[in-house]
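**Q** quick one: sequence plus predicted model below, questions after.
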Amino acid sequence: MFLFKGWLPLPMKMRIICGIVVILFLCNVSPLVARQTQEFFPLSEGNYWVYRGTVKWTESENKVKKSPITWKMQVIKRLKNGPYEIALMKGHPADLCWYGPGQKPGEYLIVWRENKYYLIRINNDIEKLIGDESYLSTKADFNSLFLIAPLKKDVAFGNDPDNQRTDQMYVWFVDNENRSKLSHVAGISEKKVFTKYTLMYRTNPDHQIVGFVPSVGITNFLYVHHGTVAEADVRLVEFHQK
């Protein structure tokens with residue numbers, strides 16, 4: 001059989017091509033996984049979310065007040081501490097749990113490692129949080145864990161390892177999963193369909209319900225205290241991604 005110079009019989013050529021494809025895939029799979037994990041909650045510097053809804057609070061004379069509210073959460077800076085990725089945040093819907101007139105957005109870190117996300121309030125310890133890996137690891141525990149990737153209906157996470165419960169109390173629980181559009185959110189395509197997860201955290205004194213959409217973030221947040229009135233009910237109305 002005569003061949004042009006540089007040609008190979010087809011079976012041999014296909015084997016070589018397949019081998020090259022496999023090598024390229026194996027070389028790129030780790031960066032791809034890392035990129036997908038990071039985008040699960042898009043925490044690039046400059047990204048921000050705007051929420052709108054209502055808050056209720058109890059004044060000193062036991063009068064319950066209600067007010068409309070607009071609240072912003074923004075990534076101020078991206079950092080790293082050892083194996084931890086860090087997003088320095090200004091504002092979070094959690095600010096509204098015990099809202100009071102004149103309240104300002106708080107400062108937080110969202111920290112993630114091995115597909116687990118932690119929300120840590122900054123209390124005059126920012127230098128230790130971003131510079132001391134041992135100190136940060138004491139804060140990134142089951143108490144601050146609020147998200148895992150991937151999510152799946154009926155999955156529970158964030159339980160106290162020393163107090164294993166079976167009643168879905170004091171633990172994050174993925175209560176629902178559905179497909180929906182976010183046409184009410186500025187900055188997001190009206191036609192795109194997303195998978196939305198409903199997360200619940202219930203205790204004796206209060207409960208939280210959080211909507212989360214991968215590649216977008218927190219889409220709604222509800223907090224209700226079961227005693228003295230303190231409530232927040234907001235949903236995402238704007239999402240701006242850098």
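**A** Looks like it arrived, so ask away. Quick caveat, the model's predicted, so the values are computed rather than measured.
**Q** continuing past the lowest-mean-pLDDT helix or strand in the chain, what's the next helix or strand?
**A** Sorted by mean pLDDT, DSSP states H and E, the helices and strands of the chain end with helix 10-40, the least confident at a mean of 47. Following helix 10-40 in sequence order, the next helix or strand is strand 48-58 (DSSP states H and E).
**Q** the closest residue to Gly91 other than its chain neighbours sits in which helix or strand?
**A** Spatial nearest neighbour of Gly91, chain neighbours left out: Pro105 (3.3 Å); criterion: CB to CB, 6 or more residues apart in numbering. C-beta: built from backbone N, CA, C; applies to glycine. Taking DSSP H and E as the definition, Pro105 sits outside all helices and strands.
**Q** tell me how far the longest strand along the chain lies from the chain's centre.
**A** When the chain is parsed with DSSP state E, its longest strand is strand 64-81. Centroid separation between strand 64-81 and its chain, computed with CA atoms, centre = their mean, to the nearest Å, is 13 Å.
**Q** which strands or helices does the helix or strand following that strand pack on?
**A** Counting by DSSP H and E, the next helix or strand C-terminal to strand 64-81 is strand 84-90. Strand 84-90 makes packing contacts with strand 64-81, strand 107-113, helix 126-131, helix 133-139 when contacts are defined by 3 or more CB pairs under 8 Å, 6 or more residues apart in numbering; DSSP states H and E.
**Q** name every strand pairing with the longest one and say which way it goes.
**A** Put plainly, it is strand 64-81. Partner strands for strand 64-81, per DSSP bridges, with pairing direction: strand 48-58 (antiparallel), strand 84-90 (antiparallel).
**Q** now render these as JSON lines, adding distance to Tyr135 and mean neighbour count.
**A** Converted to JSON lines, the strands paired with strand 64-81 look like this (distance: least, CB to CB, whole Å; neighbours: other CB atoms under 10 Å):
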{"stretch": "strand 48-58", "distance to Tyr135": "28", "mean neighbour count": "19"}
{"stretch": "strand 84-90", "distance to Tyr135": "11", "mean neighbour count": "20"}
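**Q** and those: which comes nearest Tyr118?
**A** strand 84-90 (8.7 Å; CB to CB).
**Q** dump the closest one to CSV, keeping only the CA atoms.
**A** Backbone C-alpha positions of strand 84-90 (Å, rounded to 0.1, in the frame of the first residue of the first chain) are rendered in CSV as follows:
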residue,chain,number,x,y,z
TYR,A,84,-8.5,29.1,52.4
GLU,A,85,-9.9,31.4,49.7
ILE,A,86,-11.4,34.6,51.2
ALA,A,87,-13.8,37.2,50.0
LEU,A,88,-14.0,40.3,52.1
MET,A,89,-17.6,41.4,52.1
LYS,A,90,-19.5,44.6,53.0
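**Q** low-confidence ranges in the protein?
**A** Scanning the chain for pLDDT under 70 picks out the ranges 1-38.
**Q** before we move on, the earlier item: what's the most buried one of the helices and strands packed on strand 84-90?
**A** The highest mean neighbour count among the helices and strands packed on strand 84-90, using mean count of other CB atoms under 10 Å, belongs to strand 107-113: a mean of 21.
**Q** and that strand, how far out from the chain's middle?
**A** Taking CA atoms, centre = their mean, one finds the center of strand 107-113 at 10 Å from the center of the full chain.
**Q** pretty sure Asn124 belongs to a helix, no?
**A** No: per DSSP: H, G, I helix; E, B strand; the rest coil, Asn124 lies outside any helix segment and is coil.
**Q** gap between it and Glu107?
**A** In this structure, Asn124 lies at 10 Å from Glu107, with CB to CB, to the nearest Å as the measure.
**Q** Lys72 too?
**A** When CB to CB is the yardstick, Lys72 and Glu107 sit 13 Å from each other.
**Q** so what's in contact with these two at the same time?
**A** Where contact means CB atoms under 8 Å, 6 or more residues apart in numbering, the residues bridging Lys72 and Glu107 through contact with each are Lys90.
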